[in-house]
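Enquirer: Fold the following and give me the result.
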Amino acid sequence: MQIKFLTVVITWLLVLTSSAIAERISKSLGTITKELSVSECSFGNDFKKISLPDQNGSTGKLGFPDLPKKTLTFFLPQNAKNITAAFRDGYFRWLLEPVLVMPHQDPIPLNGDTGALWRPPDSAAYASTDAYPGKVAAISGISARGEFIQVSVDLFPVHYRPASRQLGLLSGGTLVVEYDLKTGVDPLRPGRSDRSAADWNAFVSKSSDGPVPEAPKKSSSPDNASLPGGHVFRSLIGSLPRESFDYLIITSSALAGSYEPLARWRTRRGLRTVIQTVEWIGANAPGADLPERVRNYIKACWLYCGAGYVLLGGDADIIPVRQVHYMDYWVPGNLVPSDIYYSDIVDTSFASGFWGYGYNANNNLRFGELPGNCGQDDGVDQTPDIFLGRAPVSDAAQARAFVAKVLAYEQNPPPGFAESALLLADGNFAWFTEQADQILASAAPWVQSREMYNPVSGGYYSGDELLTPANAVARLGQGFHVVYHFDHGGIYSLAMARDHSSAGGGWIYRPSVDALANAGRASIVITPACSPNAFDYSSISESFLNNPMGGAAAFIGNTRVGWTSQYPQFNRFFQALYGQGIHSLGSVFAEMLSAGNEYGRYSLNLLGDPAMQVYTREPLPLQAIHPTKLEAGDSLLRVEVAAAGYGQSQVLVCLSSDGKLLASSLISAPGAAAFGPASLAAGFVEITVTAANHMPYMDSCFVPASLVSPPLYSGFDLNDGIPDRPDGSAGNGDFTANPGETVAIYPRLGPGVIEARLSSMDQSVAVMDSVVSFPPFSGSGYAPGRGRFLAAVSPSPVSSRRVWLSLAVRLADAPDPRLYPLALDIAADSLGLVSAAYRMALSPSDRETVLAIDSVRLGNFGAGAARGLRLWLSVDSSSAGAHLLFQDTLALGGLAPGMATAPLGPFAVMCHNDSLGSLVVSLVAEDAYGRRSLFPLEASGMPDRPYSLAATPLSDREVKLQWYAPDAGIAGYNVYRRLPGDPGYARINSLPVSQRIYIDICAGPMAGFRYAVASLGANGR
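Expert: All right, here's what the predicted structure looks like:
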């Protein structure tokens, strides 16, 4: 039944006040009503279940009254601290009609192993006269979301007095979130492009229940290696694309070509796309294993290039799965495959802990541990900072099928498809899908939903068709846009009313999904069932995705056990997509994760393209007018767009050519976008116009080469001390920057530039002449030698690397400069020991050992030349018993890359035998800048000698030897014996002795034996 006069107020009036010390977000209750439904629960009796159409969950204490809650989301600056939430000046209207509210029940695992178990009401709680839950608002989560702090606040608009069975409805009042601001904090600044920033800001604005603070400005330097720990990533940073990009596809080299059509389409729609291979990442990105290397590469692309969308283009055999640790009886091995490991890349330490945030803070190799679950804490906040999905493909045919489904969905959806939905549930779980149907009825009444239940109807629901495996397969084959399944499941199956098998219920398996023929109508399938999305197996979700003739374009489900308590995540799918107007699939999925509990954020995963634009209405055509060819004298390519439908005012116009995005403009329709010569390319320029719930407009315009302007910046020339070009540079004149050189940088600039500035945030490069100004150049090409910068390269880099500088270019008619990354490659030498020939012998006194080094050869394994080299031998001993017998300091001059010296030497060292254990002999190389490199010779580094050797006769033929020695660096021992009259000692053990004891059983009945023990170092000495 429904009590129609019960209303709860959810609309808010927003107020933001701020000061230098603290800020406050206030939300005041308004006057728009929501219907409160009182449904009979499926367990019968007189208990009623209270729900709101847009609730995000319930109070959650087992056996206590089950009341709805609404979770609100706020975004705060990175430097927010001391965050609190309070509800003020509100009151409750108490209803006279008594209602016996259902107690909160245990969540039911959706694996088919158990049915619904009734938990009776807590006797003390239901006898209480106090209002439950007592609190109106409470902070339920604080995490990082990109460059913001995300605060989740639970609001409890319905209270209950159990003893009198009275419901109270919140009316009036203000929710206040307050916080202080930390000072002196350097914010984290992701390098988003304008398009990526627009997408992100739109997502944050639609996700927020309050005002959104201004995001930190993008750094003028693309090199943020100054972040703590960033030095480890310098070589990786140097290998990143030079320009910002928005969409990253990671796949194998064998599959990279299969994703090219998707990359071109994403770029054509305005998302610059880069494909990177997992083989390259494995060889070049830092990390302890391949999953960590992939994660670190994603982090670097987000921070330096602004990549906001990531597609893992391969199944678990191509893109490795990270198993996170979650202790649960129903989770085998307490391990859950979870791709949030790749998308949750920022925590609330932001810049100070960015590179250290790795899901294994306690270094025990159990990733993602949560203190409330297992008592261990890896410091994860379980909030995605990028939009990520996975294509579960293993070969090129599957990859092509995946791409084809995405393109068909966005470019050519069939009529009526976008406004259809299929809801499948056992009657025991119909309440959950009815929640989604209420959201659709309120936010998207045009959606035609078909409800399949078993039984078809119950006390609080009414379906359209009996749910059986055969009926479900028939409907799935028709191709509904959204398919919401709420029932049991398994890795290879989905239940279709298994709990009512006597009424035709049962299971569907992979062969039925493999045979679906809904080509062109690929669904988005979502389900909280157990394990259907276990992509570390050949799961049924992979059958949906990899069916080339139909199935699904996307699948959202659990990789391990599913629970009825996950229903708020699936409510959020419908709220975000149809209520909030969030249209990219990855954004919707990110909202689902935020609505989940700790387990749900791990187990729920997306198979699909995160950038796929999801339709919520029947897509309408877009109309645009533009020339098909530019003629001589045309200075602009003008694209006029007619008014869009559904009240959509924002339209994106993009120009692209040969897979490269030339320009984009977000305009209001009706309106026009105009692109000048600098935004064009010679030949056919692709014109693409897109808007939410509209078919993309695609056409082209031919542009003659004479109308195309060169870009404002196109690389640079470098001088490092060429004698016939005196410009302040100093170096070896090889046109390459080397440590210690001063280089002159000549940028190649296009027409219209009046000023250029070069800056560096990297300590290894100091820009001296950093500003050049000149009158505008009006020619048709580049102006050679227009401007010169001087930069000093520190002699400190010990390995070749790429340093990113920032070039700011200003035009006469533009107040703000345009920033370009400038990559300066530093070629450093890398010296190493090629060979060493040496001999060791006892001195005539038997108390000293001579180390004779006959020859050594030194090589340069780096990319730059070594200059002014001098070599000599160094002796480092803790005792005074070592000294050089003879040596010379050798002056070598330069050593080119890839070259080695001729044999050098000889050298000789004499060391007292008591000091051999601490003797270290090194070859020292010093270059013209005073940098020294030490190369320890393998002949040195002797282990510590044994001491306190004792010999004890055990019989006439056995002697026990026992000694002492330090453990460090010792691999074993050799034992020696000398008979009277023998010239020297002979070893008596065949293999090294591991213990500090040895029994000589071949002694013989004679006296006067002498023994010696030598230690063997771990280095073989």
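Enquirer: Would you confirm that Gln150 contacts Pro77?
Expert: No. Gln150 is beyond contact range of Pro77, at 11.6 Å (criterion: Cβ atoms under 8 Å). No exception for glycine: its C-beta is placed from N, CA and C like everyone else's.
Enquirer: the more surrounded of those two?
Expert: Comparing Gln150 with Pro77 by other Cβ atoms under 10 Å, the one with more neighbours is Gln150, at 22 against 18.
Enquirer: Name the residues that touch the helix or strand containing the more buried one?
Expert: Following DSSP states H and E, one finds Gln150 within strand 148-155. Here strand 148-155 makes contact (Cβ atoms under 8 Å, 6 or more residues apart in numbering) with 56, 69-78, 80, 83, 85, 87, 136-144, 170, 175, 177, 204, 212-213, 215, 348, 383, 594.
Enquirer: quick one: which of those sit in strands?
Expert: 69-76, 80, 83, 85, 87, 137-144, 170, 175, 177 (DSSP state E).
Enquirer: Filter those residues down to just the buried residues.
Expert: 69-76, 80, 83, 85, 87, 137, 141, 143-144, 170, 175, 177 (16 or more other Cβ atoms under 10 Å).
Enquirer: any weak-confidence spans in the stretch 1-150 of the chain?
Expert: 1-45, 53-54, 112-116 (pLDDT under 70).
Enquirer: Please repeat the previous calculation with a cut-off of 80.
Expert: 1-46, 52-56, 112-117 (pLDDT under 80).
Enquirer: all strands for it, in order.
Expert: 2-9, 12-18, 22-29, 33-40, 48-51, 57-58, 68-76, 80-88, 91-94, 137-145, 148-155 (DSSP state E, counting those that start in this stretch).
Enquirer: One more: the stretch 451-600 of the chain?
Expert: Under DSSP E, counting those that start in this stretch, the stretch 451-600 of the chain gives strands at 465-466, 482-486, 489-490, 493-496, 506-509, 523-526, 552-558.
Enquirer: what's the closest of the ones you listed to Pro897?
Expert: strand 552-558 (50.6 Å; Cβ to Cβ).
Enquirer: So which elements touch the closest one?
Expert: helix 396-411, strand 523-526, helix 540-546, helix 585-594, strand 604-607 (3 or more Cβ pairs under 8 Å, 6 or more residues apart in numbering; DSSP states H and E).
Enquirer: wait, which of these is closest to Pro532?
Expert: Closest among these, using Cβ to Cβ: helix 540-546, at 4.9 Å.
Enquirer: and the nearest residue to Leu311 once chain neighbours are set aside, what is it in contact with?
Expert: Once flanking residues are discounted, Leu311 sits nearest to Ile249: 4.8 Å by Cβ to Cβ, 6 or more residues apart in numbering. By Cβ under 8 Å, 6+ apart, the residues touching Ile249 are 259, 262-263, 273-276, 310-311, 313.
Enquirer: hmm, try it at 6 Å
Expert: 259, 275, 311, 313 (Cβ atoms under 6 Å, 6 or more residues apart in numbering).
Enquirer: can you redo those residues as CSV with pLDDT?
Expert: CSV is the format used below for these (pLDDT from 0 to 100):
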residue, pLDDT
Tyr259, 98
Ile275, 97
Leu311, 99
Gly313, 98
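Enquirer: Identify the farthest-apart pair in those.
Expert: It's Ile275 and Leu311 that sit farthest apart of the contacts of Ile249, by Cβ to Cβ, at 9.4 Å.
Enquirer: what about the two, which has more around it?
Expert: Taking neighbours as other Cβ under 10 Å, Ile275 and Leu311 compare with Leu311 leading, 30 against 20.
Enquirer: Below-threshold pLDDT in the stretch 601-750 of the chain: ranges please.
Expert: 709-711, 723-725, 750.
Enquirer: again, only using 50
Expert: Scanning the stretch 601-750 of the chain for pLDDT under 50 picks out no residues.
Enquirer: which residues in it form strands?
Expert: 604-607, 624-625, 637-641, 650-657, 660-668, 671-675, 683-690, 697-703, 713-719, 742-749.
Enquirer: which one of these lies closest to Asn296?
Expert: strand 604-607 (20.6 Å).
Enquirer: For the closest one, enumerate the helices and strands it packs against.
Expert: strand 552-558 (3 or more Cβ pairs under 6 Å, 6 or more residues apart in numbering; DSSP states H and E).
Enquirer: how far off helix 585-594 does the strand it packs on point, in degrees?
Expert: In terms of direction (axes from the mean of the first three to the mean of the last three Cα atoms, to 10 degrees), strand 552-558 departs from helix 585-594 by 10 degrees.
Enquirer: Given strand 552-558, what are its sheet partners and their directions?
Expert: Strand 552-558 has the following strand partners under DSSP bridges: strand 523-526 (parallel), strand 604-607 (antiparallel).
Enquirer: Including mean neighbour count and distance to Ala497, could those go into TSV?
Expert: Output for these, formatted as TSV (neighbours: other Cβ atoms under 10 Å; distance: least, Cβ to Cβ, whole Å):
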stretch	mean neighbour count	distance to Ala497
strand 523-526	26	17
strand 604-607	27	23
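Enquirer: among the ones you listed, which is nearest Ser948?
Expert: strand 604-607 (63.0 Å).
Enquirer: What are the contacting residues of that closest one?
Expert: For strand 604-607, using Cβ under 6 Å, 6+ apart, the contacting residues are 339, 389-390, 392, 533, 541, 545, 555-556, 558-559, 589.
Enquirer: which of the residues you listed lies closest to Gly600?
Expert: Asn558 (8.2 Å).
Enquirer: Once you drop chain neighbours, what's closest to that closest one?
Expert: Nearest to Asn558 is Ser603, by Cβ to Cβ, 6+ apart, at 4.4 Å.
Enquirer: Could you report the separation of that neighbour from Ser794?
Expert: For Ser603, the distance to Ser794 (Cβ to Cβ, to the nearest Å) stands at 50 Å.
Enquirer: just to revisit the earlier point, just give me the neighbour total for the residue nearest to Asn558.
Expert: Other residues close to Ser603 by other Cβ under 10 Å number 29.
Enquirer: repeat for Ala430
Expert: 27.
Enquirer: Which stretch among the strands paired with strand 552-558 approaches Gln105 most closely?
Expert: Taking the strands paired with strand 552-558 one by one with Cβ to Cβ, strand 604-607 is closest: 21.1 Å.
Enquirer: ok, the nearest residue to Arg88 once chain neighbours are set aside to Ala137 distance?
Expert: Leaving aside its sequence neighbours, Arg88 sits nearest to Thr174 (Cβ to Cβ, 6+ apart; 5.1 Å). Distance from Thr174 to Ala137, counting by Cβ to Cβ: 10 Å.
Enquirer: Alpha carbons of stretch 374-386, in PDB - could you do that?
Expert: Output of stretch 374-386 as PDB, limited to C-alpha atoms (Å, rounded to 0.1, in the frame of the first residue of the first chain):
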ATOM      1  CA  CYS A 374      41.100  -7.600   8.300                       C
ATOM      2  CA  GLY A 375      42.800  -5.300  10.800                       C
ATOM      3  CA  GLN A 376      45.500  -4.300   8.300                       C
ATOM      4  CA  ASP A 377      45.600  -1.000   6.500                       C
ATOM      5  CA  ASP A 378      47.000  -0.200   3.100                       C
ATOM      6  CA  GLY A 379      45.600   3.300   3.200                       C
ATOM      7  CA  VAL A 380      43.300   3.000   0.200                       C
ATOM      8  CA  ASP A 381      40.300   5.200  -0.300                       C
ATOM      9  CA  GLN A 382      38.500   3.100  -3.000                       C
ATOM     10  CA  THR A 383      37.500   6.100  -5.000                       C
ATOM     11  CA  PRO A 384      38.200   6.100  -8.800                       C
ATOM     12  CA  ASP A 385      40.100   9.100 -10.100                       C
ATOM     13  CA  ILE A 386      39.800   8.200 -13.700                       C
END
